[in-house]
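*Asks:* got a sequence here, can you model it:
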Amino acid sequence: MLDTNVLSHADNPGSSYQLSAQGVLDWMRGCEVFWVLDDNGKSQPDPHTSQLYLEYRQTLPPMGAALQLFVACLAGGRVRFAPRPAQTVRDNIRRLVPRNKKDQVILGAAAGSTDKVLISNDEADFSNSVRRKARAQLDVTIHHSKDFDSEPEQQPEEPSAVETGGTAGSDDQASVDASSR
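*Replies:* Below is the predicted model of the structure:
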């Protein structure tokens, strides 16, 4: 999962996270992982029923690198939808991130993704304490984009803001876990 703030930082020359966020986008561009969105649709997954996609459209510049990459992934079949989490998971998420419904949605989608990884630079809602609890309670690892801002041989395993494997919707996926378990 890629939090909107990471995408926004990639397009913002004034952000201290710009280079690392651009690095995450460059990595996404050069690999075959899947972008993951929340699935809040009533029948079948659709970007227009995704709260995360709505936030992308409201926040990101239409011609910015981040949104253009997302559109390319969508057109190329590299977008998956994480199912809505079970009620007990949603309750845990509300306790972890009580103030921000948008961050509840993205954490829920990360919890429902195969690799359970979220890349977010939001330190207010995803403090170190929340990051530890998300790992312990939801098995979700939350990284900063700067976690991937090192020499290639020193970078963590491929970040899975996204999922790897076959084609969108295929059941046989080869997943790479970005967390250091």
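
*Asks:* contacting residues around Leu25?
*Replies:* Leu7, Ala10, Ala65, Ala66, Leu69 (CB atoms under 8 Å, 6 or more residues apart in numbering). Placement of C-beta: from N, CA and C, glycine included.

*Asks:* so which of the residues you listed belong to helices?
*Replies:* Residues of the contacts of Leu25 located in helices (DSSP state H): Leu7, Ala10, Ala65, Ala66, Leu69.

*Asks:* does Ser16 belong to a helix, a strand or coil?
*Replies:* coil (DSSP: H, G, I helix; E, B strand; the rest coil).

*Asks:* number of nearby residues for it?
*Replies:* Counted with other CB atoms under 10 Å, residues neighbouring Ser16 total 11.

*Asks:* gap between it and Asp122?
*Replies:* 14 Å (CB to CB, to the nearest Å).

*Asks:* still on that earlier bit, and the ones in helices among the contacts of Leu25, which of them are buried?
*Replies:* Leu7, Ala10, Ala65, Ala66, Leu69 (16 or more other CB atoms under 10 Å).

*Asks:* of the residues you listed, closest to Asp91?
*Replies:* Leu7 (28.3 Å; CB to CB).

*Asks:* does that closest one touch Arg57 like I think?
*Replies:* No. Using CB atoms under 8 Å, Leu7 is not in contact with Arg57, being 11.4 Å away.

*Asks:* now for the two: what residues contact both?
*Replies:* What both Leu7 and Arg57 touch, as defined by CB under 8 Å, 6+ apart, is the set Leu67.

*Asks:* and the residue most central in space within the chain, what does it touch?
*Replies:* Centroid check for the chain by CA atoms, centre = their mean gives Met1 as the closest residue, at 1.3 Å. By CB under 8 Å, 6+ apart, Met1 lies in contact with Val36, Ala82, Ile106, Ala109, Ala110, Ser113, Val117, Leu118, Ile119, Ala161, Val162.
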